[in-house]
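Asker: coordinates for the following, if possible.
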Amino acid sequence: MVRGRKILLGVTGSISAYKAVYLVRLLVQEGALVKVVMTPSATGFVSAITFATLSKNPVLIDLLKDEKTGEWVNHVELGAWADVFIIAPTSANTLAKMVYGVADNLLLTTWLSAKCPVMVAPAMDHDMYHHFSTQSNLQTLKKNGVTIIDAGKGELASGLIGDGRLAEPGEIFEKISAFFFA
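Answerer: Next up, the predicted model:
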């Protein structure tokens, strides 16, 4: 049950970012309050206006809202607002930055200050997914309390068939729903 729950969705640069659009739609249809934080590279795959329209909230991309006034997005408040922070898709790049505490964009500064549980749904090509560094990063995050939504198997953007597909939006939705029943 997600009705009335505050879901913070992080979207990273991945061809599978389009699936996050469907996830937002599912969450909102079921009564969740959704805010979306995108990495700058994610905007090359799906526009912020799409997420803003479906979530009924402005999409957050940069720490600084207005250079002239100095208005900024308070990542600490954003991380405290959410009942759960789900990053889907989570690129190999973002996974590595999460493990090492790199804070070079709004999504990562929010992750570092999040007070709520965090889930990641990796998405990348088969070889990247199975690379020892990616697997090590996933294990480190899991060991430190981050819920991992396993990547699926199937046709990948490269044309290969293998592991690394972002889990389907319905599956991610079910994992989020199950979290609130645990």
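
Asker: only C-alpha atoms for contact and neighbour calcs from this point on.
Answerer: Fine.

Asker: which helix or strand lies directly C-terminal to the least confident helix or strand in the chain by mean pLDDT?
Answerer: Lowest mean confidence among the helices and strands of the chain (mean pLDDT, DSSP states H and E): strand 71-72, at a mean of 60. The C-terminal neighbour of strand 71-72 among helices and strands, as given by DSSP states H and E, is helix 75-81.

Asker: got a list of contacts for the very next helix or strand once past that next one?
Answerer: Per DSSP H and E, the first helix or strand lying C-terminal to helix 75-81 is strand 84-90. Under the criterion Cα atoms under 8 Å, 6 or more residues apart in numbering, residues 6-14, 16-17, 20, 79, 114, 116-123, 166 lie in contact with strand 84-90.

Asker: which strand residues bridge the residue nearest the centre of the chain?
Answerer: Most central in the chain under Cα atoms, centre = their mean is Ile87, positioned 1.6 Å from the mean C-alpha point. Beta-bridge partners of Ile87, counted by DSSP bridges, are Gly10, Val120.

Asker: for Ile161, see how far away it is.
Answerer: Going from Ile87 to Ile161 by Cα to Cα, to the nearest Å gives 24 Å.

Asker: likewise Leu8?
Answerer: Leu8 sits 31 Å away from Ile161, taking Cα to Cα as the criterion.

Asker: what about the two, which has more around it?
Answerer: Neighbour count, other Cα atoms under 10 Å: between Leu8 and Ile161, Leu8 has more, with 23 against 14.

Asker: tell me if the more buried one really is in a strand.
Answerer: Yes - counting by DSSP: H, G, I helix; E, B strand; the rest coil, Leu8 is found in a strand.

Asker: model confidence for it, exactly?
Answerer: Looking at Leu8, its pLDDT is 97.

Asker: from what I can see it touches Ala32, true?
Answerer: No - in this structure Leu8 lies outside contact range of Ala32 using Cα atoms under 8 Å: 10.1 Å.

Asker: buried ones in stretch 99-119?
Answerer: 106-112, 114-119 (16 or more other Cα atoms under 10 Å).
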